[in-house]
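Chemist: Next comes the sequence, and after it the predicted model I'd like to discuss.
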Amino acid sequence: MPKITTIHSPNCNAQLLKKILEKRFIPLGYEVEYSKLHTSDVHVKTSEWIATNLKISQTKDSTEFIVNNYIPNPVYRLLATGLLSYLVLNTKWKVLEEEITDYLKSENFVKKLATEKITNPIN
């Protein structure tokens with residue numbers, strides 16, 4: 001479960017993160033959605049089997065993103081309870097996780113985090 005620390009962005013919330021990630025990952029065929037889990041804000045999904053959650057955590061001098069992998073479909077989660085299933089899925093999770101963490105560490109992401117604004121906030 002990597003934790004990525006970036007510049008302090010007090011305006012960073014789930015809406016802003018989703019907007020930034022959509023611009024990067026939707027052209028690749030991924031889905032970016034608000035997470036229904038209480039432990040995360042947004043998830044990037046490549047299939048019903050493979051997704052990565054992101055949780056925003058603000059500190060006084062930085063913004064942190066906690067990244068972890070999971071199976072987004074609850075039925076598939078039940079089917080994949082065995083160790084063998086996780087060993088098979090782990091490779092695909094790691095590829096997606098690395099792609100997302102590399103982007104979160106990139107200068108392009110940091111610039112967007114500092115300059116993007118939410119035009120229609122959700123109440």
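Modeler: Cool, got the structure.

Chemist: can we go C-alpha only for contacts and neighbour counts from here?
Modeler: Fine.

Chemist: The nearest residue to residue 49 once chain neighbours are set aside: what's it in contact with?
Modeler: Closest residue in space to residue 49, ignoring its immediate chain neighbours: residue 71 at 4.9 Å, by Cα to Cα, 6 or more residues apart in numbering. By Cα atoms under 8 Å, 6 or more residues apart in numbering, the contact list for residue 71 reads 48-51, 77.

Chemist: Kindly report the same for residue 14.
Modeler: Residue 14 touches 34, 41-42, 56, counting by Cα under 8 Å, 6+ apart.

Chemist: What separation is there between it and residue 88?
Modeler: Noted for residue 14: a distance of 30 Å to residue 88, by Cα to Cα, to the nearest Å.

Chemist: next one: residue 36
Modeler: Following Cα to Cα, the distance that separates residue 36 from residue 88 is 25 Å.

Chemist: Over to residue 42?
Modeler: With Cα to Cα as the criterion, residue 42 and residue 88 are 24 Å apart.

Chemist: The two: who's more crowded?
Modeler: residue 42 (24 against 11; other Cα atoms under 10 Å).

Chemist: Read off the pLDDT value for that one.
Modeler: At residue 42, the model reports a pLDDT of 96.

Chemist: Which residues does it form beta bridges with?
Modeler: residue 34, residue 54 (DSSP bridges).

Chemist: show me where pLDDT drops low in the chain?
Modeler: Within the chain, the segments meeting pLDDT under 70 span 82-85, 119-123.
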